[in-house]
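**Q** I would like the atomic coordinates for the input below:
(one chain, ligands or ions: 2)
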Amino acid sequence: MMDPASFKKQAREELYELLRIPSISTDPAHKGDVQRAADYIEAGLKRAGMTRTEQIRVGEGHPLVYGEWLGAEGRPTLLLYGHYDVQPVEPLEEWVSPPFEPTERDGNVYARGACDDKGQTWILVKAVEWLMQRDGRLPVNIKFLIEGEEECGGESIAAYVEEQGERLAADAAVICDSEMFAPELPSICTGLRGIVYGDLVVEGPRTDLHSGVYGGAAPNPVMAVAEILTALKGRDGKISIPHFYDRVAEPAPEEMEAWARLPFDEEEYRAKEVGSPELTGEAGYSVLERVWARPTLEVHGIRGGFTGDGAKTVIPARAVAKVSLRLVADQRPEEAVEQLKSAIEGVTPMGVRARFEVLHAGAPSLVNPDSAFIRTAASAMEEVFGNKTVYMRSGGSIPIVGLFDRHLGIPSVLMGFGLPDDNLHAPNEKFYLANFDRGIEAVALYLERLG
Ligand code: BES
Ligand code: ZN
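**A** Ligands and ions are numbered 1, 2, ... in the order given. Alright, predicted model coming up:
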């Protein structure tokens, strides 16, 4: 048996191997890399002592990696979830060190996926391996389900959970894919927003046109995209999609009171985390309410016309905006898609055709913290971090939480070890190494206490 220090050192080295694999799931050019990451995860599950592992393929999708150890008769079964795929890395020139060369600086490791979610997935794997090495057995039954499509919509896992749910039967899911409220405050996430993501496609003239010769008479699709977007969301942050807010549920008063007690410094958040001259959004809601409990509409990029260096006078024939809605309980993705489509129809300017093509969607989720699985997690984290565990929500989306609830009927325990400044989905993503170590300790202690 390895001593704890060597075990942690080896855990880091293994994580860095995983981080070197550019498993960008949305980009077909990286399909082989995504597969390599799946193989690496499967080998890790074997080393952790899983008695059966498998790569599950649904259609053409990236594999789900499954592993189980079911030798703790009469004890609870936990479904441990993580994802081994990562977001794209552009803009590359903003990275201080290359995204797939993990580099340590000031107690952090920098790499794409360091936090989201390879680092946190590896916490689960290594916590199990630690217990297995120490005791030769586990205190609870374990089913790992690690997916490779979380960052591009998770179609495979959704189909699998829906169709083969009985194979995943468990008492609770444990997910490390969220954040802590502050560096020393162990946190459990009790709510996530849902998402609808798609392309707003606008077509106008039959071909690109000279903007001097035709400007004034020909419709301009890039302009139309701007008009549609500003008609859908006002300067006050309110979304002008008819009936969009009908199902938005307000948080319970006790939850709002708990949020008000969190150590949140709005000015520091504005200056350090967001780094903009002002914060925006709906009047009458606190910042935490706006990002945790209110829906939004965002545009992620607009393609169309001439965007190179220099000047070109053209009216583009076509433009595409990448647009998403974030949803909160009890909004429904399918309904929001229909609402968005008819709203777009209503505000499309003359002379162009517009349509919305859905890329992926996932429901919002709320977790009731009043369960033994969550309370035990809170106490294990408390012991390792030396501070009381706080309950927070997150504005991000983890669609599988809603699917586990709906198809498996199990709660998800969201033990997050990321930090607010970990730069998820952005250049210079990092993971605080102390949290990697403490995460392994906290998850191992949690499993022990559940057993
Ligand atoms: N780990 C994130 C979600 C997250 C971030 C939860 C911070 C809590 C705190 C996850 O990998 C993610 O980014 N999900 C996507 C959704 C997906 C359907 C593309 C997201 O939220 O954009
Ligand atoms: Zn993630």
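
**Q** Chain neighbours aside, what residue packs nearest to residue 128?
**A** residue 48 (4.8 Å; Cβ to Cβ, 6 or more residues apart in numbering). No exception for glycine: its C-beta is placed from N, CA and C like everyone else's.

**Q** how many other residues sit next to the one you found?
**A** With neighbours defined by other Cβ atoms under 10 Å, the count for residue 48 comes to 23.

**Q** And it, how close does it get to residue 318?
**A** Residue 48 sits 50 Å away from residue 318, going by Cβ to Cβ, to the nearest Å.

**Q** Next: residue 394.
**A** In this view, residue 394 and residue 318 are 36 Å apart by Cβ to Cβ.

**Q** cool, and residue 88?
**A** 23 Å.

**Q** Over to residue 175?
**A** Using Cβ to Cβ, one gets 40 Å for the distance from residue 175 to residue 318.

**Q** Of the two, which one has the most company?
**A** Counting neighbours by other Cβ under 10 Å for residue 175 and for residue 318 shows that residue 175 has the greater number, 26 against 19.

**Q** my guess is the more buried one contacts residue 415, does it?
**A** Yes: with contact taken as Cβ atoms under 8 Å, residue 175 and residue 415 are classed as touching, separated by 7.5 Å.

**Q** who touches both of the two?
**A** Common contacts of residue 175 and residue 415, defined by Cβ atoms under 8 Å, 6 or more residues apart in numbering, are absent altogether.

**Q** now the helices for this protein?
**A** For the chain, the helices defined by DSSP state H cover 4-19, 31-47, 118-135, 155-163, 211-214, 221-232, 253-261, 266-268, 287-292, 333-347, 372-385, 400-403, 433-450.

**Q** can you pull the buried residues of the fourth one?
**A** Meaning helix 155-163. Using 16 or more other Cβ atoms under 10 Å as the test for burial, helix 155-163 gives 155-158, 160-161.

**Q** same deal with the last one?
**A** Residues 433, 435-448, 450 are the ones in helix 433-450 that count as buried (16+ other Cβ under 10 Å).

**Q** Find the nearest non-adjacent residue to residue 122, please.
**A** Spatially, and ignoring its direct neighbours in sequence, residue 122 is nearest to residue 15 (4.7 Å; Cβ to Cβ, 6+ apart).

**Q** so how far is residue 123 from residue 68?
**A** 19 Å.

**Q** before we move on, what about residue 360?
**A** According to Cβ to Cβ, residue 360 stands 26 Å off from residue 123.

**Q** Would you mind telling me which of the two has more residues around it?
**A** Between residue 360 and residue 123, residue 123 has the larger neighbour count (other Cβ under 10 Å), namely 29 against 20.

**Q** mind listing what that one touches?
**A** Residue 123 is in contact with 176, 417, 436, 439-440, 443, counting by Cβ under 8 Å, 6+ apart.

**Q** just residue 355 next, same as before
**A** Residue 355 sits next to 200-201, 341, 344 when contact means Cβ under 8 Å, 6+ apart.

**Q** cool, residue 288 as well?
**A** So residue 288 contacts 259, 262, 264 (Cβ under 8 Å, 6+ apart).

**Q** now the residues you listed: which count as buried?
**A** By neighbour count, with 16+ other Cβ under 10 Å, these hold residue 259 as buried.

**Q** Nearest to ligand 1: which residue in the stretch 351-451 of the chain?
**A** For the stretch 351-451 of the chain and ligand 1, the shortest gap (Cβ to the nearest ligand atom) falls at residue 396, measuring 2.7 Å.

**Q** With the flanking residues excluded, which residue is spatially nearest to that residue?
**A** In this structure, residue 396 finds its nearest non-sequential neighbour in residue 192, 6.3 Å apart by Cβ to Cβ, 6+ apart.

**Q** which bits of the stretch 51-200 of the chain sit near ligand 1?
**A** Within the stretch 51-200 of the chain, the positions lying close to ligand 1 (Cβ under 6 Å from any ligand atom) are 116-117, 150-151, 153, 177-179, 195.

**Q** Test my guess that residue 33 contacts residue 25.
**A** No: under the criterion of Cβ under 8 Å, residue 33 is not in contact with residue 25, lying 9.5 Å apart.

**Q** higher neighbour count, these two?
**A** Higher neighbour count among residue 33 and residue 25: residue 25, with 26 against 19, using other Cβ under 10 Å.

**Q** Spell out which parts of this structure neighbour ligand 2.
**A** Neighbours of ligand 2 within the chain, by Cβ under 5 Å from the ion: 116-117, 177.

**Q** would you list those residues in a markdown table and tack on neighbour count and pLDDT?
**A** A markdown table is the format used below for those (neighbours: other Cβ atoms under 10 Å; pLDDT from 0 to 100):
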| residue | neighbour count | pLDDT |
| --- | --- | --- |
| 116 | 26 | 98 |
| 117 | 28 | 98 |
| 177 | 27 | 97 |
